[in-house]
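>>> Give the three-dimensional model of this entry:
(2 chains)
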Amino acid sequence: MSTTTTQSSEAKTTTRELALSVQNLTTSFRSDRGLVTAVSNVSFDLFKGEALGLVGESGCGKSVTSKSLMRLLPEHVTRYGSDSKVMLGSDNVMKYSNREMRKIRGNRIAMIFQEPMTALNPVFTIGWQLDEALRHHTKLNRADRRKRVVELLDMVEIPNPDKRYGEYPHQLSGGMRQRVVIAMALACEPEILIADEPTTALDVTIQAQILRLMNDLRERTGTAILLITHDLGVVAQTCDRVVVMYAGQVVEQASVGDLFHNPSHPYTRALLQSIPRSGKKEKGKRLATIDGIVPSLLDMPKACRFAERCDCRQPQCDVEMPELVNFSGDRSVRCHFPVHK
Amino acid sequence: MTNSSSDSRALRKFLRHKPAVVASFIIAAYAVVAMLLLFTNMITMDDTLQRVGPETIPGFSSVQNPEKRLEDAEWLLDRIDTLAGREDPRAALDSFRDLGVRHVAEIPIEDLQQRVEEGWEIYDRLAEVEDLTAAVNGTLNSPDAPTGEVVLADLQQLELKLDELLAPMTAKEKSTRWFEMLFGTDRQGRSIFYRSVYSIRVAVLVGLITGLLSVTIGTIAGLLSGYFGGWVDNLITWLYSTFASIPNIVLLILLAFMFDGGHIDEPLNRWTGGLLKWLIGGRLDETLIPVYIAFTATFWIGPCRVIRGETLKIRELEYVQAATVMGFGRTRILLRHILPNVTYLMLINFSLLFIGAIKSEVILSFLGLGVKKGPSWGIMISQSKVEVINGFFWQIGTATVLMFFLVLAFNVLSDALQDVLDPKHV
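Okay, here's the model as predicted:
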């Protein structure tokens, strides 16, 4: 584990080991009005020990992407693109049977959800619930499992883990519950942790604690984190790299520093301008917003999907769909006229 | 250790709910009586069918009007007189069990006949009085009428004579007699106490069995339908919608008629070589089985609907998704993660169905379609129709009060359970 720790801190200089590679992920749903494509051709890599942010506004396909990775979407209405690949090591998860998928879930890829209030089963103690995960995926005996559960609770900084073992979810606060959820996700030391807006339902101080905890755990265990959020502040605090999504497509991919200081895509720039700021210069100014609305999934423009709301729109933007172009190292952007500084 | 905190929390909440505690004591009392009736011979069905004394005696040995007292005296005199005139009077008198525990006195037949004769004399004197009640009250208008004291003395003397005709009661007989006559007798001289208490057995059996069957079927159907959706859901929804669209009571009557008169038994016994007869030792319509089937056919819909809805809700909750993410299979999620979250609904539904079944049984028996053999509250209420017209309320009153307390206690209990057991209701 110590090697991965150094890897993550020196991520840019050393060669990185791939944890998960998403290639051309396309997810569509059958509906009364035909096939609706919620996510189209999304590709990104997740390296070991890294935290990758997946940001975008509501409905842009963040959650569908994450659920596609775990194949959690209802099977009878979901269609994946034929060239969609989710490579976990050398295996394509998309080709897995349900049985094989069950072995991966919780064991190699774990996931935590937004709402800690309902993320734990109200009728069982948290100890029982953590124990169940271990019982399912490991061959540890009863005493060892108990020891491990207490260890996990201790790891997520829950005080008196021995006492908390026998408590029910309703006896814990939201922050504590989210810690338990994280402990449960990390119970089998997964390679990848998908966190779907893990701090949205928490207040700001708890949010900071949970983010710090997740960062600590990532450094200690080398688990790669895919953090899905619409909060750019959370991304800045936690992630190494960021993937920005808009209307089911990746529009920009960059390291956190580059993205915040030097955004290339007009959408990213507009997003960053929409963050409320404090200070003298901002006094009396209206908060910037992005005009217009996201195009409907049923009626996606063939050309650039952001064109209608873009403030540097050119005639070409309404005709041709821009490709995701990789232009320097980690950076790629989907725009005909990216801003380069 | 792991369960203690939640269980004690539920228990504490329950104990704070005073009416529920009282209700559970009442239910426990009924349950004890039902168990005693089921597993001991405390009261047998024969007891409930046997004549224990004169007709329509009011309960709590309340004082009756003089006419009724005279009538009862006449009934006993007539009975003993007839028996003493038989070929073998001693045997006839010994086999005279109509009086329940009381025997005819062990004295020579001549003495017995002598006493009966004396009894008839007093009876004749009293029978001549025009309006006995008025005479006892001394409000008779004719000048040659006997005074109230004389008439009353005659009546008491007659009753004393009757007492001499019977053997003195032992202590045990006295207590049995007290119970027999506690709530009086019905129009056929049967003990209302025995009949109404024996009906608890029927009520608890019907409630328990149909409640358990309906909740089990409803829960399985509801869970499958809610969790798997698709064609399973369509099928189960269609099934219960169809059943629900038939008026409840009509379906019950239909099924009751179907089983009536052994129509079902005959082919079943023919195909299985008398297996059914061997299993239940008689005809289906003599047992409570038709009642169970008829009730379960309609009662499973309630729990099925509720549990399907709850499952649909829980299925989308994040702890179920989290369980999927942990790699648990669907059966495991259904049984270990969803089922425990609907058990409170099962309990509440059971207590509701329990009383529902009892009430329906009473209605069906009232209509003559439910219990065929032995007493039941419905049959008692049905039989007391004529008595009520004559101002005799003991039979209908006893049956109703016993049913009322059981139903009320269960209502209070299911209400309390709803508060206590709901895991989200902290």
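
>>> quick one: low-confidence parts of the stretch 151-300 of chain A?
For the stretch 151-300 of chain A, no stretch is flagged by pLDDT under 70.

>>> For the residue of it found nearest chain B, give me phi and psi.
Nearest to chain B, among the residues of the stretch 151-300 of chain A, is A:Gly166, at 5.1 Å (C-beta to the nearest C-beta). Every residue, glycine included, has its C-beta placed from N, CA and C. Main-chain dihedrals, A:Gly166, degrees, to the nearest 10: phi -90, psi 10.

>>> Neighbours of B:Leu160, how many?
11 (other C-beta atoms under 10 Å in any protein chain shown).

>>> Need the per-residue pLDDT for it.
Looking at B:Leu160, its pLDDT reads 82.

>>> do the same with A:Ser9
At A:Ser9, pLDDT is 42.

>>> same thing with B:Gly282?
75.

>>> That one belongs to a helix, doesn't it?
No: B:Gly282 sits outside any helix when classified using DSSP: H, G, I helix; E, B strand; the rest coil, being coil.

>>> Any buried residues in the longest helix along chain A, and which?
For chain A, the helix that runs over the most residues, judged by DSSP state H, is helix A:204-221. Judged by neighbour count using 16 or more other C-beta atoms under 10 Å in any protein chain shown, the buried positions of helix A:204-221 are A:Ile206, A:Gln207, A:Gln209, A:Ile210, A:Leu211, A:Leu213, A:Met214, A:Asn215, A:Leu217, A:Arg218, A:Glu219, A:Thr221.

>>> Then stretch B:235-245?
Within stretch B:235-245, the residues scored as buried using 16+ other C-beta under 10 Å are B:Ile236, B:Tyr240, B:Phe243.

>>> Show residues contacting that stretch.
Outside stretch B:235-245, the residues that touch it by C-beta atoms under 8 Å, 6 or more residues apart in numbering or on different chains are B:Ala221, B:Gly222, B:Leu224, B:Ser225, B:Leu251, B:Ala297, B:Thr298, B:Trp300, B:Ile301, B:Cys304, B:Arg305, B:Arg308.

>>> if you set the cut-off to 10 Å instead, what comes out?
Stretch B:235-245 is contacted by residues B:218, B:220-222, B:224-226, B:228, B:251, B:297-302, B:304-305, B:308 when judged by C-beta atoms under 10 Å, 6 or more residues apart in numbering or on different chains.

>>> Show the average pLDDT along the helix or strand harbouring B:Glu173.
Per DSSP states H and E: B:Glu173 is located in helix B:171-180. Confidence for helix B:171-180, expressed as mean pLDDT, is 79.

>>> following it, which helix or strand comes up?
Toward the C-terminus, helix B:171-180 is succeeded by helix B:192-228 as the next helix or strand (DSSP H and E).

>>> Okay, angle between the following helix or strand past that following helix and helix B:192-228 too, please.
Per DSSP H and E, the first helix or strand lying C-terminal to helix B:192-228 is helix B:230-245. Relative orientation of helix B:230-245 and helix B:192-228, computed by axes from the mean of the first three to the mean of the last three C-alpha atoms, to 10 degrees: 150 degrees.

>>> so how far is helix B:230-245 off the chain centroid?
35 Å (C-alpha atoms, centre = their mean, to the nearest Å).

>>> Return the list of helices and strands in contact with the next helix or strand after it.
Scanning forward in sequence from helix B:230-245 by DSSP H and E, the next helix or strand is helix B:248-259. Judged by 3 or more C-beta pairs under 10 Å, 6 or more residues apart in numbering or on different chains; DSSP states H and E, helix B:248-259 is in contact with helix B:289-299, helix B:339-366.

>>> got CSV for those, with mean neighbour count, mean pLDDT and distance to chain A too?
What follows is these, written out as CSV (neighbours: other C-beta atoms under 10 Å in any protein chain shown; pLDDT from 0 to 100; distance: least, C-beta to the nearest C-beta, whole Å):
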stretch, mean neighbour count, mean pLDDT, distance to chain A
helix B:289-299, 23, 86, 26
helix B:339-366, 22, 89, 4
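
>>> before we move on, back to that, buried residues in the helix holding B:Glu173, which are they?
Those would be B:Thr176, B:Arg177, B:Glu180, for helix B:171-180 by 16+ other C-beta under 10 Å.

>>> domain assignment for chain B?
For chain B, the structural domains run B:2-41+B:193-425, B:66-172, going by automatic domain parsing.

>>> how about the helices in chain A?
A:2-9, A:62-70, A:98-104, A:126-137, A:142-155, A:161-164, A:174-186, A:204-221, A:232-238, A:256-261, A:266-273.

>>> tell me the most buried of those?
Ranked by mean neighbour count, the helices of chain A are led by helix A:174-186 with a mean of 24 (mean count of other C-beta atoms under 10 Å in any protein chain shown).

>>> Just checking it against chain B, any contact.
Yes: contact of helix A:174-186 with chain B (C-beta under 10 Å from any C-beta of the partner chain) involves A:Val181, A:Met184, A:Ala185.

>>> packing partners for that helix?
Helix A:174-186 packs on strand A:109-112, helix A:126-137, helix A:142-155, helix A:161-164, strand A:192-196, helix A:204-221, helix B:318-325, going by 3+ C-beta pairs under 10 Å, 6+ apart.

>>> so how many other residues sit close to A:Asp45?
18.

>>> Give the bridge partners for it, please.
Using DSSP bridges, the bridge partners assigned to A:Asp45 are A:Ser21.

>>> Around chain A, which positions in the stretch 301-426 of chain B sit nearby?
Residues of the stretch 301-426 of chain B lying near chain A (C-beta under 10 Å from any C-beta): B:314, B:316-330, B:332, B:336-344, B:422-424, B:426.

>>> just the buried residues of helix A:204-221 now: which is nearest B:Ile355?
Nearest to B:Ile355 among those, counting by C-beta to C-beta, is A:Ile206 at 47.5 Å.

>>> pretty sure that closest one is touching A:Gln178, no?
Yes: assessed by C-beta atoms under 10 Å, A:Ile206 is found in contact with A:Gln178 at 7.7 Å.

>>> and the nearest residue to B:Thr185 once chain neighbours are set aside, what helix or strand is that in?
Among residues not flanking B:Thr185 along the chain, B:Ile57 sits closest, at 4.6 Å (C-beta to C-beta, 6 or more residues apart in numbering or on different chains). For B:Ile57, there is no host helix or strand (DSSP H and E).

>>> list the contacts for B:Ile57?
B:64, B:68, B:72, B:180-181, B:183-186, B:189, B:191-192, B:392, B:394.

>>> A:Ser63 now?
With contact set as C-beta under 10 Å, 6+ apart, A:Ser63 has these partners: A:Ala38, A:Val39, A:Leu54, A:Gly56, A:Leu72, A:Leu73, A:Phe113, A:Gln114, A:Asp196, A:Glu197, A:Ile228.

>>> Which strand residues bridge the third one?
Read that as A:Leu54. Beta-bridge partners for A:Leu54, by DSSP bridges, are A:Ile228, A:Val243.
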